[in-house]
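Asks: With the input below, show me the fold.
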Amino acid sequence: MAYQHLYDWPTGVDPATKRLVLAVSENVNAIGMRAELGMETQSLLSQQMLAGPVIALPGDRPEWIFLTGPATSISTRTLTALSHLGIRLQKPGAFIPLPPSRVGSGVARWASGPTVGRELPPWTAVLAATRSASSSSMCGAR
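Replies: Numbering: from 1, shown residues only. Alright, predicted model coming up:
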């Protein structure tokens, strides 16, 4: 209830897993990616003063989930390019585990916690930063 009250997010408890979850909706969206790319993306967003809350999920391949404002339309070409980068755009109705939910053998935690009264970053800004971070990391790998 705290997430719902403090941030006005659609939250609840998933009856199947007993996890505290955020429901992706018209007002709150989520973008998932591998943790390494997430760190670079969050750094770019911080430089632009657009960094927002990010959930870190544990596992063999740790993942970061960026919480954003509403999604907008996106071209099929861009969607395909994002998919090739391993970026997952969450659909309305999807459930995202919120900290401190147990996920696999670990616990979801905040890589960057939310701030009361601060709006979520624009969905397009997070995608743009992610694409930029992936381009710069590919150039650095060569």
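
Asks: buried stuff in the worst-scoring helix or strand of the chain on mean pLDDT?
Replies: Least confident helix or strand, the chain: helix 123-141 with a mean of 81, by mean pLDDT, DSSP states H and E. Buried positions in helix 123-141, judged by neighbour count with 16 or more other Cβ atoms under 10 Å: 123, 125-131, 133-134. (Glycine included, C-beta is placed from N, CA and C.)

Asks: And that helix, how far out from the chain middle?
Replies: Centroid displacement of helix 123-141 relative to its chain, using Cα atoms, centre = their mean, to the nearest Å, is 14 Å.

Asks: So Ser43 lies in a helix, does it not?
Replies: Yes: looking at Ser43 with DSSP: H, G, I helix; E, B strand; the rest coil, it is inside a helix.

Asks: give me every residue that touches it.
Replies: Listed by Cβ atoms under 8 Å, 6 or more residues apart in numbering, the contact set of Ser43 reads Ala133.

Asks: Ok, Gly32 next?
Replies: Listed by Cβ under 8 Å, 6+ apart, the contact set of Gly32 reads 63-66, 87-88, 90.

Asks: repeat that with 6 Å
Replies: Applying Cβ atoms under 6 Å, 6 or more residues apart in numbering to Gly32 gives the contacts 63, 65, 88.
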